[in-house]
Every structure is written in structure tokens, then in C-alpha cells.
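S.K.: Quick one, what's the 3D model for this:
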Amino acid sequence: MARFLHPLVRGTTYTRWLHLWVPMLFESVWLFIDMSKPWVPAVLLLPLGMVPAVRRGEGVQARFMLAPGERSGEDTAFSVSPSVTWRDRWRTVLWLEARMVMGWVAGPLTVWLPAAAVLLVGAALGSGPVHTPVMTVMLPQWACALLAPLPLLALYGSVVGLGELITAIARRLLGPSPTERLAALEERTEQLLERNRIARELHDSIGHALTVAVVQAGAARAAGDPAFTDRALGAIEDTGRAALEDLERVLGVLREAERPASSRPTLTEADRLLESARASGAKVDAEVTGALETVPGPVSREGYRILQESLTNVLRHAGGVPVRVRIQVADGALGLEVRNPLTAEIPGPGRGSGLRGIRERAALLGGRARTGPDQGDWQVHVELPLR
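M.R.: Next up is the predicted model:
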């Protein structure tokens, strides 16, 4: 019983019913103008639905009145963007017409069913026959008493049922279009990639710095040797300075994360990465084959990140060595290769994290990445499909 009556205490039940009544306001105004043509408002909805901004307004109404508990979610069922394609416009027109029809059904039920209950109660108390809009019904008092709750139950079912139905229709017609879903997925993918990268960077750089500081401080205190203490403090200072540089770089990524995915750098801006690497001492030999501007946005942005990570690894682990960069757009794929001579220098903190990120980025787009020694060089070779 409590479950059956639960919709009565939900605010959503009443906001949905109010949402059904809104079209009736315009219908009522029109009936004051010309009662002989009640279908005119439905015809006027056809050009109205073609206006791009109408879809946004309907989406906002649906979000706040049909499913208010979902408006703060990331993956809402209702789009609040204006119409972009003709398909979106026709979906908006169909939604407006469906909303008008549902309003025509909900409006009379809201008036007639409570009125019927009142008339039945009056007849049960002996006030006379039941007068309906269609006919006058003569019933005994006991029958009127038994039938009196039925209109209220019907009203309850109508309120709940029509509210669920209009919400289901809205999800279907006002839901995000395929283009919007793709853009949202792209944005979400970019955010997850950046979060993973931030987590790796923080773990490797800050974690390493804190570990070194703790170990060196403990060793210096145990040794009791001033010279050793000086060396330990020097190591802690150098490690801390490097960690601060890494932290500043990670914070830069965090500040950049607020930008939409479409504004992130792409491979068409690869020259600034190459120039930055050259300014840091690397001897970069770059070769670009094919039109980078034809590479789809997600592939181009991930390619830029992969090139950025590859050059960062070279500078971090090998220093100012010759670097060969090859970028090729051909045969429906983007090929990217970064090679540098192997060095015997001990790698710094974070070894393996950046390479794992490169492989994750490639796999996410259905591509593949190879990293590791190759003929005396260290190579990063990535292939990403353009479709």
C-alpha cells in the first residue's frame, strides 16, 4: 500500500502534471479568440519547432519539470542545446505536437474526474441524480457511494501514468542527438585521459621526491656526519626543486582541463612542440607527410599529446640528443614515430608511466603503439586509424 501511494509524496509527480498543463494555457487563450478552430495552435507549432532555440527551451523545461533529480547529473537524458540539424528540428516539432496532444488529454481529465467524484458523493448523500457532461445518470445512493472513489483512482492513475508517458516521450525526442553524444563522449574521454596522466605524474614525481627526502633525512640523522648531512640536504634540495617543476607542469594541465576538447591543441600546432624541444637542447629532425588539417579532431588531439609525451621523455631521460620525428597521414591512418639514441644514463623518476599513457591513448582510439629499443635507438611508434 505504501508503495502504491508513494507517487503522491513525490514532487516530480506534480511537476510533470504541471508540465502537461502548460500547453493548455496557450490553447485557452486561443479559444477566447476563435473557439471554432481549436486545431490552430497545433498548426502554429510546426514553424515554431523549426526555431533552433525552441529545442533548448523545451530541454530546460523537461530537465527541471520531468526529471528534476537528473539535472545535476553529467549524462542527462535531455539536451539543452539548440537544434543544429534538420533531424533535431523535426524531433522538436514532433515533441511539441505530442506535448499538445498529451495536454488535451490531461486537461479534461483533471476537471472531469474530480467533478465526477463530487457529483457521486452528492448523489450518495441524497442530492439527486448524477449529471455528467454527456447524460444524466440515475443510480441508487448505495451505488453512488461505492462508485465515488473510482474517479479519484482514475485521476491518480492518469496523473502518474501520463507523467511517466510524457517523460518517456521527452527522453526519446529531446534526448541528445548522435552529434551531441559524440561530442560529450569526446569531452569525457579527454577528461579521463588527462586525469590519468595527472595521477601518473603526481605519483611518479611527488611520490619519488617525498621518498628521497624521507630516506636522505633519516640517513643523515643516523650518520651524524656533517659532510654526509650536507650531501643529503643537497640531494633533498635538488629532488624538491625537480618535484616543484613537475608539480607546476601538472597544475598547468589542471588549468587547461577547463577548456573544451575542441579548443585543445592539435597536430597542426606540432611546430611549437618541436621548437620547444630544440630550445631545450635537443637536435630535432622533423618530417611531416600528408595534410595534418584533414586528421579528425580526437585523433589529432591525441596525436599531439603522444608527440608531447614522447619529446618530454627524450628530454627527461636522454637530454640534448638528436631526435628524429616522423609524422605521416596516409592510407586512412596517422603514423607518428619519435626516435633518439639510447643512453647509458640512469632514468629519472616516472619511467614507464608516460609510455603506458601513450599506449592507453593509442588503444582508446583503436590504434597501436610500440615503445622500446630498436637498432640502437629508443623508439616510440604509434599508428592511429583516422576513422
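S.K.: Grab the nearest non-local neighbour of Gly103.
M.R.: Pro23 (3.9 Å; CB to CB, 6 or more residues apart in numbering). C-beta: built from backbone N, CA, C; applies to glycine.
S.K.: Packing partners of the host helix or strand of the one you found?
M.R.: Assessed by DSSP states H and E, Pro23 sits inside helix 11-33. Using 3 or more CB pairs under 8 Å, 6 or more residues apart in numbering; DSSP states H and E, the elements in contact with helix 11-33 are helix 40-49, helix 86-124, helix 149-173.
S.K.: quick one: low-confidence parts of the stretch 201-350 of the chain?
M.R.: Applying pLDDT under 70 to the stretch 201-350 of the chain flags the ranges 201-205, 207-209, 211-212, 242, 246, 249-250, 252-264, 279-281, 344-350.
S.K.: Could I get the full set of strands for it?
M.R.: 283-289, 322-330, 333-341 (DSSP state E, counting those that start in this stretch).
S.K.: Now do the shortest one: which elements does it pack against?
M.R.: Packing contacts for strand 283-289, counted by 3+ CB pairs under 8 Å, 6+ apart, involve helix 270-279, strand 322-330.
S.K.: right, and these - which one's nearest Pro114?
M.R.: With CB to CB as the measure, strand 322-330 is the member of the helices and strands packed on strand 283-289 nearest Pro114 (68.9 Å).
S.K.: Next, the contact list for the residue nearest to Gly103, please.
M.R.: Pro23 makes contact with 41, 99-100, 103 under the criterion CB atoms under 8 Å, 6 or more residues apart in numbering.
S.K.: If any of those are buried, put those into a ChimeraX selection.
M.R.: The ChimeraX command for the buried members of these (criterion: 16 or more other CB atoms under 10 Å) is given here:
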select :41,99,100,103
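S.K.: Out of the contacts of Pro23, flag the one nearest to Arg359.
M.R.: Nearest to Arg359 among the contacts of Pro23 is Arg99, at 49.3 Å by CB to CB.
S.K.: hang on, that closest one packs against Ile166?
M.R.: Yes. Taking contacts as CB atoms under 8 Å, Arg99 lies within contact range of Ile166: 7.0 Å.
S.K.: rewinding a little: from the contacts of Pro23, which shows the smallest pLDDT?
M.R.: Across the contacts of Pro23, the smallest pLDDT goes to Pro41, namely 83.
S.K.: out of the contacts of Pro23, which one sits closest to Arg361?
M.R.: Closest approach to Arg361 among these (CB to CB): Arg99, at 43.9 Å.
S.K.: All the helices of the stretch 251-387 of the chain, in order from the start?
M.R.: For the stretch 251-387 of the chain, applying DSSP state H, counting those that start in this stretch gives helices covering 270-279, 297-317, 353-364.
S.K.: Compute the inter-axis angle for the first one and strand 283-289.
M.R.: So the one you mean is helix 270-279. Angle of helix 270-279 versus strand 283-289, following axes from the mean of the first three to the mean of the last three CA atoms, to 10 degrees, is 160 degrees.
S.K.: angle of helix 270-279 against strand 322-330?
M.R.: 170 degrees.
S.K.: Which elements pack onto helix 270-279?
M.R.: Packed against helix 270-279, as judged by 3+ CB pairs under 8 Å, 6+ apart, are the following elements: strand 283-289, helix 297-317, strand 322-330.
S.K.: Can I get the ones you listed in a markdown table including distance to Gly11 and mean neighbour count?
M.R.: Compiled in a markdown table, these are given as follows (distance: least, CB to CB, whole Å; neighbours: other CB atoms under 10 Å):
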| stretch | distance to Gly11 | mean neighbour count |
| --- | --- | --- |
| strand 283-289 | 59 | 14 |
| helix 297-317 | 40 | 21 |
| strand 322-330 | 55 | 18 |
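S.K.: Perfect, I'm done here.
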